[in-house]
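[1] Turn this into a structure:
(2 chains)
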Amino acid sequence: MAPSDDKQTPPVIEVVNLVKHFGGRAVLEGVNLAIYPGETMVVMGGSGCGKSTLLRHMIGSMWPDEGQVVLFGKNLSTLEENELDAVRRRFGILFQSGALFNSMTVGENVALPLREHTDLDERTIRIITLIKLELVGLRRAENLMPSEISGGMKKRAGLARALALDPEVLFYDEPSAGLDPVTSAEIDQLMMDLSDKIGVTSVVVTHEMDSAFCIADRMAVLDHGRMISVGPREQFEALRDGEPTGDETNDLIRQFLRGDSEGPLSERRQQDDYEQNLLEVAEGYRPTSFSRE
Amino acid sequence: MNGSAQKLTAAVGGAVLGCFRYLGGMTLLLGQTFRAGWESTFVRRSRFARQSLAEQMVRVGVRSIPIVMLVQGFIGVILALQIAPPLEPWGQVGSIANIIGVAGFRMLGPIITGIVISGFAGASIAAELGTMVVSEEIEAMEAMAMNPVRFLLVPRVIATVLMMVLLTIVADLMIGIGGWVASYLAIGPEAHVGYWERMQRQVQYRDFFTGLLQAGVFGVLISIIACFEGLKVKGGAGGVGLATTMTVVYSIVAIILASCIFTIVFYRLGW
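    Numbering: from 1, shown residues only, chains lettered A, B, ... in the order given. Have a look, this model is predicted:
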């Protein structure tokens, strides 16, 4: 489903001025992001840029120091535990490792949210479980334990479990990390199918560019805890395929999108106080008795 | 204040604060577990928790029966052989049964069972929960609107408490048998003839029940320490290893400390 262009519909998820510190270090510094019904938003950024932290705020497993996260029109910070659980039942999340419960079979994993949150009888639960497993191509793995299946299958099973309650929003944490190219492409295709066929709103956190360009309606780039750019995929494609503009932010995004080894990102790393650091060490150096001999 | 004194104060203060933070965190978790246990038993009945209670009872208790029997049997043997020589000059070797009865039922039964269970079940609970934290399973559970305390902690705590009490009954029996075996094989007829009658005369219901009360409390301590250590695991496999070690260490300290407090209270109350 195409994103709503007019933006008249209210966003499903709205992140407003989100600030988060860990032990005095700011991880998110005033992040703003709105995600509209039916669109696939890909949040990109290098390692440690705060994108996983942002995701954890959106699913209500971390709380902002400042600002707010609004999901389905409700400010997560102000909700009671049971209200929060009601919100949680409306979204699904695919964790990086799949996060299947290792003590249960694949089928039991998928059935768990149904057993817990619905009053359906066992037969109906089994039918829904098989439907969800077929959707991700794992119907035959129903009775296998998570330890018996591959990483890609675990992710697909995790997706089936996330889909169990027919969520309105799906969150994906690094969906293609650690997968071979074919499996990764299959997961991408699955995500696009879900978006097209069911019209589910998706939020994807990733640093895999191929996958990102494949699935995104809109993209957002997070850098050092700040949202430096949000826009439609085409805007980023143009940036990636064009020449450097001289604008630092754009060039930084361009380097990231292209995966170049040279550019503002790597310069920033080199500009660190390297010499200063070495001099400080040298200054504190006192010859030992051994070196005097 | 000079530098080293300041450092010392800071270190002591930090340690005391850390200790309170630890105990506070654990008490909060215990409170949450009681609340969740109450709710899932009486408010909304959850079949999942019950099925998992049975699983946990097998894992905590049933599998530890042979080890508890073995260890407690040996404790009975050791006790009998240790106390026989000092009793002999007084012609009181027969009192072995009385002493073993009281020491076993009141103290050694629950304490040694507690130590075995902290190594057997506590460590495995901590390792299991720690691994679940590392593999994002706990987070997934929360994101699926399932309360990990209700799903994971309640069955584990209840199972550990129940099995501690039941295993202590087995333990009491085995200490008695161990004492009898030692009396029969090594000490002589003055010890083993009328052994069970003397023990029966000596041991009162309160000896038995104070032991079981302690066992139940040890069960709470072991399971809540294991759950707390498991849930606060950070940083992969190393964290899981540390959690299992600390669970056993803290559990043993907690068991001995609690037993000491119980003994003082029982002594004062004349129980």
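[2] Local confidence estimate at residue 119?
    Chain wasn't specified; assuming chain A. A:Asp119 carries a pLDDT score of 86 in this model.
[3] wait, chain B
    pLDDT, B:Gly119: 91.
[4] so it makes contact with B:Thr245?
    No - here B:Gly119 does not reach B:Thr245: they are 10.6 Å apart, not a contact under C-beta atoms under 8 Å. Where you see a C-beta, it was placed from the backbone N, CA and C, and this is true even at glycine.
[5] Looking at these two, which is more packed in?
    B:Gly119 (18 against 13; other C-beta atoms under 10 Å in any protein chain shown).
[6] Return the residues in contact with the more buried one.
    Contact analysis of B:Gly119 by C-beta atoms under 8 Å, 6 or more residues apart in numbering or on different chains lists B:Val248.
[7] before we move on, what about B:Gly130?
    B:229-231, B:233, B:239-240, B:243-244.
[8] quick one: the helix or strand harbouring it to chain centroid distance?
    Here B:Gly130 sits within helix B:123-134, counting by DSSP states H and E. Centre-to-centre, helix B:123-134 and its host chain are 18 Å apart (C-alpha atoms, centre = their mean, to the nearest Å).
[9] Among the contacts of B:Gly130, which ones are in helices?
    Among the contacts of B:Gly130, DSSP state H puts B:229-231, B:239-240, B:243-244 in helices.
[10] hmm, back to that, now the contacts of B:Gly130: which count as buried?
    Listed as buried from those are B:229-231, B:233, B:239-240, B:243-244; burial here means 16 or more other C-beta atoms under 10 Å in any protein chain shown.
[11] which two from these end up farthest apart in space?
    B:Leu231 and B:Thr244 (13.2 Å; C-beta to C-beta).
[12] Please enumerate the strands of the stretch 51-200 of chain A.
    A:66-71, A:74-75, A:91-94, A:169-173 (DSSP state E, counting those that start in this stretch).
[13] A:Ala39 contacts A:Arg218, correct?
    Careful, residue A:39 is Glu; it's not Ala. Yes - A:Glu39 is in contact with A:Arg218 according to C-beta under 8 Å; the separation is 6.0 Å.
[14] who's in contact with the closest residue to B:Thr131 other than its chain neighbours?
    Excluding its sequence neighbours, the residue lying closest to B:Thr131 (C-beta to C-beta, 6 or more residues apart in numbering or on different chains) is B:Val240, at 5.8 Å. B:Val240 makes contacts with B:126-127, B:130-131, B:134, B:233, as judged by C-beta under 8 Å, 6+ apart.
[15] switch to 10 Å and redo it
    Under the criterion of C-beta atoms under 10 Å, 6 or more residues apart in numbering or on different chains, the neighbours of B:Val240 are B:126-134, B:229-230, B:233-234.
[16] ok so, going back, downstream of the helix holding B:Gly130, the next helix or strand is which one?
    For helix B:123-134, the following helix or strand on the C-terminal side (DSSP H and E) is helix B:137-143.
[17] tell me what the helix or strand that that next one is followed by is packed against?
    Once helix B:137-143 ends, the next helix or strand along the chain (criterion: DSSP H and E) is helix B:148. If contacts are counted by 3 or more C-beta pairs under 10 Å, 6 or more residues apart in numbering or on different chains; DSSP states H and E, helix B:148 sits against helix B:123-134, helix B:137-143.
[18] Show me what the last one is packed up against.
    Helix B:137-143 is packed against helix A:81-88, strand A:91-94, helix A:106-117, helix A:151-163, helix B:123-134, helix B:148, with contacts defined by 3+ C-beta pairs under 10 Å, 6+ apart.
[19] and if we set it to 7 Å?
    When contacts are defined as 3 or more C-beta pairs under 7 Å, 6 or more residues apart in numbering or on different chains; DSSP states H and E, helix B:137-143 packs onto helix B:148.
[20] Give the buried residues for whichever helix or strand comes after the helix it packs on.
    Using DSSP H and E, the helix or strand that follows helix B:148 in sequence is helix B:154-182. Neighbour counts over helix B:154-182 (16+ other C-beta under 10 Å) mark B:154-180, B:182 as buried.
[21] do the same with stretch B:73-86
    Buried residues in stretch B:73-86, counted by 16+ other C-beta under 10 Å: B:73, B:75-77, B:79-81, B:83-84.
[22] can you give me the mean pLDDT across that stretch?
    92.
[23] I'd like the distance from that stretch to the chain centre, please.
    Computed by C-alpha atoms, centre = their mean, the separation of stretch B:73-86 from the middle of its chain amounts to 23 Å.
[24] Doesn't B:Tyr184 belong to a strand?
    No - applying DSSP: H, G, I helix; E, B strand; the rest coil, one finds B:Tyr184 to be helix, outside a strand.
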